[in-house]
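>>> Here's my sequence, what's the structure:
(chains A and B)
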Amino acid sequence: MTTNRPFPTGTGQDPVRRIVVVGGGPAAHRFTEAMAARGPSGVRITVLTEEAHVPYDRVALTRALTETDVDLTLGRPGLWEQEGVTLATGTRAVDLDLEAREVITADGSRYAYDELVLATGSNAATLPIPGNEHTHVYRTLEDVRAIRGRVAELAAELGRPVNAVTIGGGLLGLEAAAGLQSLGATPIIIDGGKWLMGTQLDEGAGQAMGRLIAGQGLEVHGGVFPQAVLTEEQDGEARVVGVEMADGRIIDADMVVVSIGVRPRDEIARTLNGRAKEEAAAAAGMTADELGDEDFVPVFRMGSRGGVVIDESCATDVEHVWAVGEVANFGGMCIGLVAPANTMAEIVADRISGGTATFGGFDTATKLKLSGVDVASFGDAFATTGGALEVVYADPARGVYQKLVVSGDAKTLLGGIFVGDAAPYSSLRPMLGRELPAEPGAYLSAAGGADAPETELPDDAVLCSCNNVAAGTIRDSVNGCGSCEGQGPVRDLGALKGCTRAGTQCGSCVPMLKKLLETELVKSGVEVSRAMCEHIAMSRAELFEAVRIAGLASFGAVMERFGSGAGCDICKPAIASILASQSSGHPLDGDLGALQDTNDRALANMQKDGTYSVVPRIPGGEITPEKLAVIARVASSYNLYTKITGALRIDLFGARLEQLPEIWKELVEAGFESGHAYGKALRNVKTCVGSTWCRFGVQDSVAMGIGMELRYRGLRSPHKLKMGVSGCARECAEARAKDVGVIATADGWNLYVGGNGGATPAHAQLLAKDLDDATLLRYIDRYLMYYIRTADRLQRTARWMEELDGGVEHVREVVVGDSLGLAAELEAAMAQHVDAYEDEWAATLADPDRLRRFRSFVNAPNQRDTTLAYADERGQRRPVPLGDRIPVGPQGGQQ
Amino acid sequence: MTIEIEERPATGLRSTIPETPWHQVCALEDLDSGWGEAVWLPGRQVALFRLAEGTVHASDQKCPVSGAQVMARGITGSSKRNGEIFPTVASPLHKDVYRLDTGECLTNPQVHLAIHPVRLVDGHVWVGVPA
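Numbers count the residues shown, from 1 in each chain, chains lettered A, B, ... in the order given. The predicted model follows:
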């Protein structure tokens, strides 16, 4: 027997409380997080998981099917590095020594515990039919990766779409089938029930659901059970060829995924029960089989269909042993949903910390995450409560079915089902068990939903069921309860999510969350007006559309139509940017010059002493030695401090305003053009060296990057834009940290969008896969123009997508699916930009009126500012801090 | 030709204070509406702003926060407080907003921008700057 640190067994005097968690899924994660949040002094938490990963988000598992390198890790990354928290991966617990209070793992190690939490979750159930051993299940990251791999393998081998049969038309089965479809397979669903999602939907809803699913191109065989998975021997290997149904039909299949439910992972409890039974039998002089179950008291009571029975404190029958999540059987049920698992985890954390929280029962509300299919079910969806009334609206033509279940007096909301249009779900779900302010019918689409009164949620109504966040908690946070470290009142959605965790799991409550935030802000007197400033009452997106429709081209015209006063440093640059995005005027022409922000005004970046830095464009970071020598010559002759930027370019610092035209004259003559480092515009496209030189590269990332940089150069946008192109999956160009990231695949390019560095970094999310060159550029055109039209001022792509209802899914529908019918218009707008592009600096040098903007003094156009002072540092100059300067006369200062 | 004259407030001690030296710095047509220009005077740089309504304002060119000579490169505008509308300029470095009529900083009460009187005489701009 070996003993594992850090918890040597037998140290009964150890003042540290040892908490061991068996299992490493979302429930284990939530429990650990809840304990850690309590400040775990004197507590050591060890999580034993047989999986190789840190806990990940199984709710989002479908994403791993379609996205190659998606990160599903739950929670903040620091949790598992925190003191007092240990995660042991690849460690399978197999037995308990209840007397010694130790967990025994597969390799014989022992972990002593003071409190033990069983969070082993469940297994995918398998089909008891012949050929089952050749099927896939849909449960873990490994399962999903195996499915993805097999689809790719078969597609390559067969040279035709893969027939992928999913057995099971429940929530998970439908997600799996839709995932298989997006991998290019032909999705076929076999479901024994009369209609899909039989656990959540009644017959009417199921019928509507069936139509919607068929409309998505999924083939459904319902009402008949499969009786065998058929295989053929091929190269000594059994290959799946079809599924035989109970009625004798055979459905062609190249692969089969079984998703018919889950079985609790309760082996440890069963092992202990079995041993106890044998001991009891031996004591009675019988074999275990002879001993009747009624003559024997098990160590752990188990559910009839498995699961360790818990009471309302989530305690099992064994002292100091708790169970949470899918392995826990409460009221005769185990439920495979994340919301109750999270609730149980919080309850055990509370109990272990001396609290008295109790589990009130399962919240079985579910919403299906399929694009194009809106389905939700919650509460007593089947109206099993005595005297319950069902208020139904069905429109088969539109594929809409909506039902509210209310108490006999039609007042209290007991549950509901939405298919085809689940818009009312997010606002109604928190009202479960409460009196509705209006007649139930008012909330259904028949009434247009518009007559439904604004519902003021009670403080204790749960808004986010995944994370069990009550409306009151959201209100406290908005009003500055200070529960978030270093934060006063929370004023924006992103911060609110981070602080309360509401809306961070399945996301279905986000629209409700947004509404509650705005309501609270209005109440507390905070202006939630989208007005840009005191001069423009519209948001940037609204103004953009207004200017576009009215066809305005000057600041004066915009202010006359839509503004008041003389403008300011907020609306002037925003209007300049909007006008620049819609037409192709030079930024210094007409009344535009006076609108430009600090940097755009001089087409250079102002530094702390009022001088400028100059950044010529180096597309894709590719430059000839000769052009490099030009930069060196210019830097040297103007004594410019020279530094390589983070964007594969060279920044030249210390140019005075009146020097900018002469410096640019030399650069333009040598073939350089403006790098727009000064603009809210495309900055650069970072590339790795790609397939031309790199021995790993699969596509020519440099050529693509240069092409993109030349296409989008000069494009003015709500904030700066950065792009990256990597030549292979090693991702040396860090494309996923960019607003637009392109990563080469063997078959083309994967397009990622919405990545940002900066104060709140965000990884770009996959928008589309394996695109050819032309489609890639077309999607980027659409994405950028949609962003430029609809984002707020100074809102980068990540925050913009975060605030869009539907996030990346919505963007995908618009950009890839053209759901708004805007694609042609967006592409045309981009084509106009590409055609009208001219280098701003070459154009400036060619026009005396523009050059006039670069005089140092109106009464002495070539007078040098003699107050500038510099010191030498590492062979170059730097500004002398103003406090260190000696006052200088007319001859003072250094060049 | 309209002549607009702005004078410093008269005080009873006027005769004992040396007259502010006035400098003729440029023609009004050298200035673009909404756009600032710097003026080089011995020992002092001044920022000139011609506003849309035709008035010209002058302030120190030195940014009161950073000390850099940049105010003329700020964005001009207007603001309204308690029913009163007044012209403003935002420092180009950190966007502190100053009243161009009084020099009061709207975003940071700790600092103040020196404002100088301007005279427009026969299409020429004159600035009065203490010696």
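>>> bridging residues for the residue most central in space within chain B?
Centroid-nearest residue in chain B: residue B:58, 1.8 Å away (criterion: Cα atoms, centre = their mean). Note on residue B:58: beta-bridge partners residue B:48, residue B:116, judged by DSSP bridges.
>>> And it, what's its pLDDT?
In this model, residue B:58 is scored at 96, pLDDT.
>>> Now do the contacts for it.
Shown in contact with residue B:58 (Cβ atoms under 8 Å, 6 or more residues apart in numbering or on different chains): B:39, B:46, B:47, B:48, B:49, B:115, B:116, B:117, B:118, B:127, B:129. Every C-beta, even on glycine, is put in place using the N, C-alpha and C of the backbone.
>>> Run a quick neighbour tally on the closest residue to residue A:839 other than its chain neighbours.
Spatial nearest neighbour of residue A:839, excluding adjacent residues (Cβ to Cβ, 6 or more residues apart in numbering or on different chains): residue A:673 at 4.0 Å. Number of residues near residue A:673 (other Cβ atoms under 10 Å in any protein chain shown) recorded here: 20.
>>> Please enumerate the strands of chain B.
Assigned by DSSP state E, chain B shows strands spanning B:4-5, B:22-27, B:36-41, B:44-50, B:56-60, B:75-81, B:84-90, B:97-99, B:115-116, B:118-121, B:124-128.
>>> ranking the ones you listed by burial, who's on top?
strand B:44-50 (a mean of 24; mean count of other Cβ atoms under 10 Å in any protein chain shown).
>>> so who does the residue nearest to residue A:326 when sequence neighbours are not counted touch?
Using Cβ to Cβ, 6+ apart and skipping the chain neighbours, the partner closest in space to residue A:326 is residue A:122 (4.2 Å). Neighbour list for residue A:122: A:262, A:263, A:264, A:265, A:326, A:327, A:334, A:336 [criterion: Cβ under 8 Å, 6+ apart].
>>> Look through the stretch 651-800 of chain A and state the residue closest to chain B.
Closest approach between the stretch 651-800 of chain A and chain B, counting by Cβ to the nearest Cβ: residue A:657, at 7.8 Å.
>>> residues near that residue, how many?
With other Cβ under 10 Å as criterion, residue A:657 counts 23.
>>> Got phi/psi on it?
Residue A:657 has phi and psi values of phi -50, psi -50 when expressed as degrees, to the nearest 10.
>>> isn't the residue nearest to residue A:839 right up against residue A:837?
No - Residue A:673 is beyond contact range of residue A:837, at 9.8 Å (criterion: Cβ atoms under 8 Å).
>>> Name the residues of chain B found near chain A, please.
Proximity of chain B to chain A, by Cβ under 8 Å from any Cβ of the partner chain, involves residues B:25-26, B:30-35, B:37-40, B:42-43, B:45, B:48, B:51-53, B:66-70, B:73-80, B:85, B:87-88, B:90, B:92-93, B:95, B:97.
>>> What strand or helix carries the residue nearest to residue A:582 when sequence neighbours are not counted?
Nearest residue to residue A:582, sequence neighbours excluded (Cβ to Cβ, 6+ apart): residue A:548, at 5.8 Å. According to DSSP states H and E, residue A:548 maps onto helix A:540-550.
>>> which neighbours do residue A:673 and residue A:837 share?
Jointly contacting residue A:673 and residue A:837 under the rule Cβ under 8 Å, 6+ apart are residue A:713.
>>> OK, contacts around the nearest residue to residue A:466 once chain neighbours are set aside?
The shortest distance from residue A:466 to any non-neighbouring residue, by Cβ to Cβ, 6+ apart, is to residue A:505 (3.5 Å). Contacts for residue A:505 (Cβ under 8 Å, 6+ apart) come out as A:57, A:59, A:338, A:342, A:464, A:466, A:467.
>>> can you put these in TSV and add pLDDT?
Putting the contacts of residue A:505 into TSV (pLDDT from 0 to 100) gives the following:
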residue	pLDDT
A:57	80
A:59	74
A:338	84
A:342	89
A:464	82
A:466	76
A:467	78
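>>> nearest to chain B, of those residues?
Nearest member of the contacts of residue A:505 to chain B, counting by Cβ to the nearest Cβ, is residue A:464, at 37.4 Å.
>>> Counting neighbours, what do you get for the nearest residue to the closest one once chain neighbours are set aside?
Using Cβ to Cβ, 6+ apart and skipping the chain neighbours, the partner closest in space to residue A:464 is residue A:502 (3.8 Å). Residue A:502 has 29 neighbours, counted by other Cβ under 10 Å.
>>> Need phi/psi at the residue nearest to residue A:466.
phi -100, psi -80.
>>> can you list the residues of chain A near chain B?
Proximity of chain A to chain B, by Cβ under 8 Å from any Cβ, involves residues A:534-535, A:565-569, A:572-573, A:591, A:593-595, A:597-598, A:601-602, A:606, A:608-610, A:657, A:853, A:855-860, A:863, A:865, A:867, A:882, A:889-890.
>>> how about a cut-off of 7 Å?
By the rule Cβ under 7 Å from any Cβ of the partner chain, the part of chain A lying against chain B is A:534, A:565-569, A:572, A:591, A:593-594, A:598, A:601, A:606, A:608-610, A:856-860, A:863, A:865, A:867, A:882, A:890.
>>> ok, residue 93 - contacts?
You didn't pick a chain, so chain A it is. For residue A:93, the contact set (Cβ atoms under 7 Å, 6 or more residues apart in numbering or on different chains) comprises A:22, A:48, A:103, A:105, A:268.
>>> right idea, wrong chain: chain B
Residue B:93 sits next to A:606, B:63, B:66, B:68, B:70 when contact means Cβ under 7 Å, 6+ apart.
>>> By neighbour count, which of these wins?
residue B:70 leads the contacts of residue B:93 on contacts (other Cβ under 10 Å) with 26 neighbours.
>>> just to revisit the earlier point, among the contacts of residue B:58, which two are most distant?
Within the contacts of residue B:58, B:49 and B:129 form the most distant pair, 15.3 Å apart (Cβ to Cβ).
>>> Residue A:178: neighbour count?
Neighbour tally, residue A:178, other Cβ under 10 Å: 26.
>>> of the contacts of residue B:58, closest to chain A?
Among these, and counting by Cβ to the nearest Cβ, the member closest to chain A is residue B:39, at 5.5 Å.
>>> who's that closest one bridged to?
What pairs with residue B:39, by the bridge criterion (DSSP bridges), is residue B:46.
>>> which residue sits closest to residue A:415, ignoring its sequence neighbours?
Distances taken as Cβ to Cβ, 6+ apart put residue A:379 closest to residue A:415, at 2.7 Å, once the chain neighbours are dropped.
>>> how much space between that neighbour and residue A:412?
Distance, residue A:379 to residue A:412, using Cβ to Cβ, to the nearest Å: 10 Å.
>>> Great, nothing more from me.
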